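Chemist: Pasting the sequence and the predicted model now:
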Amino acid sequence: MRGGGRPTLQEVATLAGVSMGTASSTFTRRQPVARQTRDAVLKAADALGYRPRGRAVPLGRPVTALALLTDPPTSSPDPLHVGAHQAATELGAALTVVPVGDAVVRWAVPRDRPQGALLVGAPDPRLVRHLREAGVPCVVIQPGGIDQPADAVRPHDRRAAFLATDHLLRLGHRIPPPALVIGRDGAAADQLAGHRAALRHHQRSGHADYLRLPAGSATADGRAAADALFDLVRPPTAVVCGSVALARGVLAALAERGIAVPGAVSVVALDGLTSSSPDPLDRIGAPDPAPLTVVGADRLLLGAEGIRHLAQRVRQPDLPRRVTLVDVSLRAAAATTRATGGGQVAQRRG
C-alpha cells in the first residue's frame, strides 16, 4: 500500500482480494456481485476510508435479499409489485413475494430470513412485532391513520380529499356542497380534514346532513349512506366517497332510484392504493355505469418507495421510525361533470 493521500479503488480491490472490475461493480451495481464478495469489498473500503468519487454510496449493510408480504396473494399483475421489483433490481437486491400466512413458518430458521420485509395493507401488528423481534426490519404500505410498530409508506389522504372536493366545487357543485361518505377507518380523520379545507378554500361551509360516516367501508355501507343522503329535502348533486367500494354502493343506490350519473349527480372515489391506470367500474346493476373519477396514489410509485424506504432501514437500522407520504393525483372520468344549474335531484326510488 502506498503511504498518504486518498485511498484508491485498486487498493480496495487488493485488500479485498478481488479484481478491479469486481470492486467497481460493488459500488456501481452495473454487474451482480456475490454477497460474500460484496461484504469483503465494503469491509476493505471501510478499513481504508475509501469513498467513490462523484457519488455518495452508503457503505452500510449491503441490501441483497428482501421480501414482499401480501395477503391475500394476487393472481393478476399488480403495479405495486412491479414497482417494488423494479426498485429492488435497481438496488441489486433479490425480492421474494411471500404470502403473509407463510412468513412466520418460512422464516423460523434465522438463515432463511430476508434482510427486510415490505408488508402491504393492514397487517396484524403482532406479525410486525414478531418480525422485528426476529431481526427483520419492516416497512408497511397502508392507508393512513393505522398505527403500526414499523415504518410506513402511505398515500396522502388529506390531499386526496382536498383534490376531490375542490374538483367538484370547480365544476359548480356548490349549493348544496359536495357530500362526503367515509368509513370510520384510519384514513377518515385526514379525509374529513381535506374535505373541509377545500370547502374553506372556496368559502363554502359544510353541513352535518351531507356528512355520512357508516360503520364500514363496504359496498353495502355506501348504498345505505346514499339512501340517507338522497332522502334529504335537498339532496346533493355531488358525492365524495372514501373508497371505491363505498362509491360502488353509492352508484348502486342511485341506479335503483333512476338518478343519472353524471347527468344529475357526480361521484368521486378516494383510493390511495389505486392502480396507475384505473379501469372502468364493474357493472353493479346500472345499464352502463360511468367510469369512476378517482383520486389516489400510483401503486407503481408506492411499491418503489416502499422498497427504497426499506433499503434505507436495512442499511441504517438505528434511524428513528418515520412515515413517507406519497402524493396523489386526480384522474377525471365520466362519473363527474359540470353541475346543471340547480335542478332538483329525485329523492324517491322508482
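Modeler: Yep, that arrived.
Chemist: where do the helices sit along the stretch 1-150 of the chain?
Modeler: Taking DSSP state H, counting those that start in this stretch as the criterion, the stretch 1-150 of the chain carries its helices at 9-16, 20-28, 35-48, 79-91, 100-106, 125-133.
Chemist: right, and Val100 touches Leu119 too?
Modeler: Yes - counting by Cβ atoms under 8 Å, Val100 does reach Leu119; the two are 7.3 Å apart. (C-beta placed from N, C-alpha, C; glycine too.)
Chemist: Quick check: neighbours shared by those two?
Modeler: Common contacts of Val100 and Leu119, defined by Cβ atoms under 8 Å, 6 or more residues apart in numbering, comprise Leu69, Leu127.
Chemist: Looking at these two, which one has more neighbours?
Modeler: For Val100 versus Leu119, neighbours defined as other Cβ atoms under 10 Å are more numerous around Leu119 (27 against 18).
Chemist: shouldn't the more buried one be in contact with Val139?
Modeler: Yes - the criterion here is Cβ under 8 Å, and Leu119 meets it with Val139 at 7.3 Å.
Chemist: Identify the contacts common to these two.
Modeler: Ala150.
Chemist: any idea how this protein splits into domains?
Modeler: As given by automatic domain parsing, the domain ranges for the chain are 1-62, 65-155+299-326, 157-297.
Chemist: Which of those sits closest to Ala334?
Modeler: domain 157-297 (3.9 Å; Cβ to Cβ).
Chemist: Kindly provide the whole-number mean pLDDT of that closest one.
Modeler: If you average the pLDDT over domain 157-297, you get 87.
Chemist: Next, the distance between the ends of that domain.
Modeler: 9 Å (Cα to Cα, to the nearest Å).
Chemist: what's the spacing between it and its chain's center?
Modeler: Counting by Cα atoms, centre = their mean, to the nearest Å, domain 157-297 is centred 20 Å from the centre of its parent chain.
Chemist: i'd like the first residue to be 477 from this point on
Modeler: From this message on, residue numbering opens at 477, which makes the last subject domain 633-773.
Chemist: that older thread, nearest to Ala628, of the helices of the stretch 477-626 of the chain?
Modeler: Proximity to Ala628, assessed across these by Cβ to Cβ, is greatest for helix 601-609 (10.3 Å).
Chemist: any idea of the mean pLDDT for that closest one?
Modeler: For helix 601-609, the mean confidence score works out to 83.
Chemist: helices and strands around that helix, which ones?
Modeler: With contacts taken as 3 or more Cβ pairs under 8 Å, 6 or more residues apart in numbering; DSSP states H and E, helix 601-609 sits against helix 576-582, strand 592-596, strand 614-617.
Chemist: who does the shortest one pair up with?
Modeler: Spelled out, it's strand 614-617. In the sheet, strand 614-617 lines up against strand 592-596 (parallel), strand 627-631 (parallel) (DSSP bridges).
Chemist: I figured Thr572 hits Pro590, correct?
Modeler: Yes - applying Cβ under 8 Å, one finds Thr572 in contact with Pro590, separated by 6.8 Å.
Chemist: Are there residues contacting both of those two? Which ones?
Modeler: Residues touching both Thr572 and Pro590 by Cβ under 8 Å, 6+ apart: Ala541, Leu542, Ala543.
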